[in-house]
Every structure is written in structure tokens, then in C-alpha cells.
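Chemist: Below is the sequence, then the predicted model.
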Amino acid sequence: MMLPVAAMLAATVGFAMASTLSKLLLAHLATTQVNMLRFGVAALVLWGVVVATGQLSRIGRVGIKPFILGLIDPGTVSLIFVTGLSLTKASHGLVLFALAPVLMPLLAFLVLREPIRR
């Protein structure tokens, strides 16, 4: 019963520390290296969860398209985020990142004329 709570706590702490740690790493590494380090650690953690939960045999059912999409989308967004983070303060990057769930529907409404739903 405590495992979901512990996992959520770890995710929250990881999210809270990501921008600050990335900014600290940018003082010593290139943006692409920081990005690869972020994804390398995340991949190791996720593969550990897959193996620990016994889901390794089900991976083949998903297919290659979601795998490729999973590489392209978060990788591109993270590379742009880390590059932007190298040009500003960590607090500014975190505020923009935290505002994304509010700004995206607003921009979709203003630019794409999509309706805003609950």
C-alpha cells in the first residue's frame, strides 16, 4: 500500500529537483550531454520498473511506433528546455515549465481556435 505513495513522492521530488540539477550540470557539461544524462537515468529507472513488475514479456505487444514517438517527442522537448535553461535562471525555466498546463489550452484556443472543455 505504501509503494504508490513512495513512487509519487519520488516523482515529485525528482520533478522539483530536475531544473536546478540541470542548471548545475550545465556549468560543466554541454546541453546535449545534460539531456542524454537525464534520459539515461530515466531509462534505467523505467527499465528497472518494467523488470521488477514482470512486464518485460508484454513490451513486444506495444509495437515500434509508440517507441519511436517516445524517443522523438520528449527528447526534442527536453533538448529545447535544457537549451533554454542554459540561457536563463533555473527559477525562470521552472516557472515556464509549471505554467505549461495552463498556457497550452489557452494558446490552443487563441491560435488554433480549439474550444476549451473541462
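Modeler: Arrived safely. Since the model is a prediction, treat every value here as computed from it, not as a measurement.
Chemist: alpha carbons only for contacts and neighbour counts from here, please
Modeler: Fine.
Chemist: what's the lowest-mean-pLDDT helix or strand in the chain packed up against?
Modeler: In the chain, no helix or strand scores lower on mean pLDDT, DSSP states H and E than helix 64-86, which sits at a mean of 79. Helix 64-86 sits against helix 2-26, helix 31-52, helix 90-112, with contacts defined as 3 or more CA pairs under 8 Å, 6 or more residues apart in numbering; DSSP states H and E.
Chemist: Show residues contacting that helix.
Modeler: Helix 64-86 is contacted by residues 19, 22-23, 26, 31-32, 34-35, 39, 93 when judged by CA atoms under 8 Å, 6 or more residues apart in numbering.
Chemist: Figure out how far that helix is from the centre of its chain.
Modeler: The chain centroid and the centroid of helix 64-86 are separated by 8 Å under CA atoms, centre = their mean, to the nearest Å.
Chemist: by how many degrees do that helix and helix 31-52 diverge?
Modeler: With axes from the mean of the first three to the mean of the last three CA atoms, to 10 degrees applied, the angle from helix 64-86 to helix 31-52 works out at 140 degrees.
Chemist: So for helix 64-86, what gets flagged as buried?
Modeler: 75, 78-79, 81-83, 85-86 (16 or more other CA atoms under 10 Å).
Chemist: do stretch 7-25 as well
Modeler: For stretch 7-25, by 16+ other CA under 10 Å, it's 19-20, 22-23, 25.
Chemist: Which pLDDT does the model give Met1?
Modeler: pLDDT for Met1: 63.
Chemist: hang on, the earlier thing: make a markdown table out of the buried residues of helix 64-86 and add distance to Ser57.
Modeler: Shown next, in a markdown table, are these (distance: CA to CA, whole Å):
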| residue | distance to Ser57 |
| --- | --- |
| Gly75 | 25 |
| Ser78 | 29 |
| Leu79 | 31 |
| Phe81 | 34 |
| Val82 | 34 |
| Thr83 | 37 |
| Leu85 | 38 |
| Ser86 | 40 |
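Chemist: quick one: which of the residues you listed is nearest to Arg61?
Modeler: Gly75 (23.0 Å; CA to CA).
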